[in-house]
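1. Structure for the following, please:
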Amino acid sequence: MQLQEKVNERVKLIFIAIVFFGGLFLGGCERRQPPPPPLVPEVAIVTVRPQQVVLTSELPGRTSPYLVAEIRPQVSGLIQKRLFAEGSDVEAGQVLYQIDLAPFQAALDNAAANLAFMRKAADRARAAVEASIAGVTRQRATLELARTNLQRFEELFKDRAVSASQRDQAVTEADVAEAMLRAAEAQVESDRQAVAAAEAAIGQAEAALETARINLGYTRITAPISGRIGKSNVTVGALVSAHQPMALATIQQLDPIYVDVPQSTTEMLRLQQRLEAGRLAPDGRGQNKVKLILENGVAYSLEGTLQFRDITVDPTTGSVILRIVVPNPKDVLLPGMFVRAIVKEGVHKQAILIPQQAVSRDPKGNPIALIVDAEGKVGQRMLTLDRAIGDQWLVTSGLSSGDRVIVEGMQRVRPGASAKVVPFEAGRKEVGTPAGMTPPTAKVK
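-> All right, here's what the predicted structure looks like:
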């Protein structure tokens with residue numbers, strides 16, 4: 001038994017020694033194997049392709065009515081009726097207020113009676129002129145007869161057929177007839193002046209009648225334009241005066257409606273320089289079309305038209321006003337509402353756009369992008385950005401057609417390193433797992 005136990009112990013020691021030295025041998029073999037190749041990170045890229053893009057500017061603005069009319073009385077009087085509902089739509093010519101017309105009707109009747117009196121007086125003056133003209137005709141005949149008699153008496157007096165007294169009487173009769181003709185002619189002129197005065201009085205009376213008729217019409221205060229009327233500032237029974245400073249009510253035309261948008265002179269000059277340099281081209285018929293975004297962020301359904309750009313710069317803001325005319329058939333836009341206007345600047349025919357996530361910043365804040373060249377090496381480019389268009393940046397310098405810009409996986413590469421490229425697909429999970437490795441799985445706790 002003792003011998004058998006000694007044999008078993010020796011066998012155990014030999015087995016342990018074999019296992020120990022075998023482990024050492026296997027460990028040395030593993031250390032002598034070559035290391036695995038380095039893993040190449042995978043990045044998603046987009047290839048730069050110039051494209052035609054319509055450039056726009058989003059500017060804040062406010063709406064204002066297309067037409068505004070403040071209603072004021074043109075005659076003084078007492079308001080008898082208000083003939084509209086506050087906040088309703090009114091038509092041009094619709095009666096809004098009625099002023100007490102009794103005194104104006106009396107003034108009209110008085111003017112009409114005065115005109116009739118003046119016309120009768122003119123008729124009498126014309127009749128007097130005709131009578132005076134007839135008297136002149138008779139006096140001329142009398143004068144001709146007196147001169148004939150005087151000539152006859154002169155001849156008879158030479159022949160001593162008549163006495164000197166008879167000749168003198170004939171002379172006197174001729175002088176009297178001539179004097180009476182001059183008096184008749186003066187009466188005609190006087191009567192004609194009376195007719196002219198009567199006709200002038202008729203003109204004045206007619207003007208007074210027309211004024212009275214106009215004032216009577218002004219007692220019906222009507223709407224000068226079509227639109228929506230606001231609240232009434234007076235009630236029935238109020239006494240109003242002609243051309244008073246306080247408006248009775250205000251009418252505003254809301255369809256179409258104006259949108260006034262300020263644009264900085266800096267932006268205006270920059271746009272002009274781009275157009276002159278040929279980097280932007282007009283968008284043809286659609287150049288003046290403007291889209292609106294309402295206060296709640298919803299796009300307005302109808303497009304407006306850029307009407308004009310003001311020529312005066314506001315010295316306090318350094319901007320000019322762009323006036324846009326927008327259809328408003330459903331009265332969605334109200335005066336004073338804040339909106340954002342998307343104004344077209346022009347067409348960029350060779351625009352370079354890259355996703356915004358492809359752009360990072362260096363320690364100084366300058367925009368940079370990583371690219372992959374034809375040999376698979378990563379490079380860095382300094383960029384000049386113009387603006388954001390949707391989820392993309394418009395690049396003005398730093399990239400050219402055919403460059404492959406890294407969009408995903410930038411954190412796993414550095415300039416000068418190698419990278420494996422795959423096309424970028426918007427909306428997929430970010431790439432970046434090194435080639436040949438499986439992504440780690442989440443552990444369930």
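
2. mind listing what Val326 touches?
-> For Val326, the contact set (Cβ atoms under 8 Å, 6 or more residues apart in numbering) comprises 63, 256-259, 290, 292, 300, 302-305, 333. Every C-beta, even on glycine, is put in place using the N, C-alpha and C of the backbone.

3. Recalculate using a threshold of 6 Å.
-> Counting by Cβ atoms under 6 Å, 6 or more residues apart in numbering, Val326 touches 256-257, 259, 304.

4. Equivalent analysis for Ala369, please.
-> 358-359, 381, 383, 405.

5. Under the pLDDT cut-off, which ranges of the stretch 251-400 of the chain? List them.
-> With pLDDT under 70 as the threshold, the stretch 251-400 of the chain has low-confidence stretches at 277-287.

6. One more pass at 80, please.
-> Scanning the stretch 251-400 of the chain for pLDDT under 80 picks out 267-268, 270-287, 345-346.

7. would you list every one of the helices in it?
-> According to DSSP state H, counting those that start in this stretch, the stretch 251-400 of the chain carries its helices in the segments 265-277.

8. Now do the strands in it.
-> Using DSSP state E, counting those that start in this stretch, the strands of the stretch 251-400 of the chain run over residues 289-293, 304-309, 319-326, 338-355, 360-361, 367-372, 378-382, 384-389, 392-397.

9. Figure out which of these is closest to Ala106.
-> strand 319-326 (48.2 Å; Cβ to Cβ).

10. Format the strands of the stretch 251-400 of the chain as JSON lines; extra columns: distance to Val421.
-> Listed next are these as JSON lines, based on distance: least, Cβ to Cβ, whole Å:
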{"stretch": "strand 289-293", "distance to Val421": "38"}
{"stretch": "strand 304-309", "distance to Val421": "45"}
{"stretch": "strand 319-326", "distance to Val421": "45"}
{"stretch": "strand 338-355", "distance to Val421": "15"}
{"stretch": "strand 360-361", "distance to Val421": "18"}
{"stretch": "strand 367-372", "distance to Val421": "5"}
{"stretch": "strand 378-382", "distance to Val421": "10"}
{"stretch": "strand 384-389", "distance to Val421": "23"}
{"stretch": "strand 392-397", "distance to Val421": "20"}
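
11. Leu145 is nearest to which of those?
-> Taking Cβ to Cβ, strand 304-309 is the member of the strands of the stretch 251-400 of the chain nearest to Leu145, at 86.4 Å.

12. Select the longest helix from this protein.
-> helix 102-158 (DSSP state H).

13. now for that one, which elements pack on it?
-> When contacts are defined as 3 or more Cβ pairs under 6 Å, 6 or more residues apart in numbering; DSSP states H and E, helix 102-158 packs onto helix 164-218.

14. what angle do the helix it packs on and helix 102-158 make?
-> 170 degrees (axes from the mean of the first three to the mean of the last three Cα atoms, to 10 degrees).

15. avg pLDDT for helix 164-218?
-> Per-residue pLDDT over helix 164-218 has a mean of 88.

16. so what's the closest residue to Gly237 other than its chain neighbours up against?
-> Nearest residue to Gly237 in three dimensions, chain neighbours excluded: Ile79, at 6.4 Å (Cβ to Cβ, 6 or more residues apart in numbering). Counting by Cβ under 6 Å, 6+ apart, Ile79 makes contact with 97, 234, 236, 238.

17. burial count for the closest residue to Gly398 other than its chain neighbours?
-> With sequence-adjacent residues excluded and distances taken as Cβ to Cβ, 6+ apart, Gly398 is closest to Leu383, at 3.8 Å. Counted with other Cβ atoms under 10 Å, residues neighbouring Leu383 total 20.

18. Gln392 too?
-> With neighbours defined by other Cβ under 10 Å, the count for Gln392 comes to 19.

19. these two touch, right, it and Leu353?
-> Yes: using Cβ atoms under 6 Å, Gln392 makes contact with Leu353 at a distance of 4.3 Å.

20. Not counting stretch 386-403 itself, show me its contacts.
-> So stretch 386-403 is contacted by 48, 50, 351-356, 359, 371, 381-385 (Cβ under 6 Å, 6+ apart).

21. and it, how far out from the chain's middle?
-> 33 Å (Cα atoms, centre = their mean, to the nearest Å).

22. before we move on, what about stretch 342-362?
-> 29 Å.

23. List the neighbours of it that are in contact with it.
-> Contacts of stretch 342-362 (Cβ under 6 Å, 6+ apart): 48, 50-58, 271, 280-283, 287, 290-291, 367-369, 391-395, 399, 405, 407.

24. Just the buried ones from those residues?
-> The neighbour-count test (16 or more other Cβ atoms under 10 Å) marks 48, 53, 55-56, 271, 280, 283, 290-291, 367-369, 392-395, 399, 405, 407 as buried among these.

25. mind checking the end-to-end distance for stretch 295-315?
-> From its first residue to its last, stretch 295-315 covers 28 Å (Cα to Cα, to the nearest Å).

26. and what of stretch 355-362?
-> First-to-last residue span, stretch 355-362, Cα to Cα: 18 Å.

27. Can you point out the buried residues in that stretch?
-> With burial defined by 16+ other Cβ under 10 Å, the residues of stretch 355-362 counted as buried are 355, 357-359.

28. again with stretch 234-252
-> When burial is assessed from 16+ other Cβ under 10 Å, stretch 234-252 yields the following buried residues: 234, 240, 247-252.

29. what's the closest of these to Val171?
-> Looking across the buried residues of stretch 234-252 and measuring by Cβ to Cβ, the closest to Val171 is Val240, at 78.5 Å.

30. Please work out how many residues are found near the closest residue to that closest one other than its chain neighbours.
-> Closest residue in space to Val240, ignoring its immediate chain neighbours: Pro73 at 4.6 Å, by Cβ to Cβ, 6+ apart. Number of residues near Pro73 (other Cβ under 10 Å) recorded here: 20.

31. Need the phi and psi values for Pro73.
-> Backbone geometry at Pro73, expressed as degrees, to the nearest 10, gives phi -70, psi 150.

32. One more: Asn233?
-> Torsion angles, degrees, to the nearest 10, at Asn233: phi -90, psi 0.

33. which ones are touching Thr305?
-> Contacts here follow Cβ under 6 Å, 6+ apart; on that basis Thr305 touches 288, 325.

34. what's the distance between it and Arg387?
-> Distance, Thr305 to Arg387, by Cβ to Cβ, to the nearest Å: 24 Å.

35. Test my guess that the residue nearest to Gly398 contacts Ile371.
-> No: with contact defined as Cβ under 6 Å, Leu383 does not reach Ile371; the gap is 10.7 Å.

36. Farthest-apart pair in the buried residues of stretch 234-252, please.
-> Val240 and Gln252 (21.4 Å).

37. where in the stretch 1-150 of the chain is pLDDT low?
-> Looking at the stretch 1-150 of the chain by pLDDT under 80, you get 1-40, 150.

38. Stretch 382-398: how far from the chain's middle?
-> Remark: stretch 382-398 is offset 32 Å from the chain centroid, using Cα atoms, centre = their mean.
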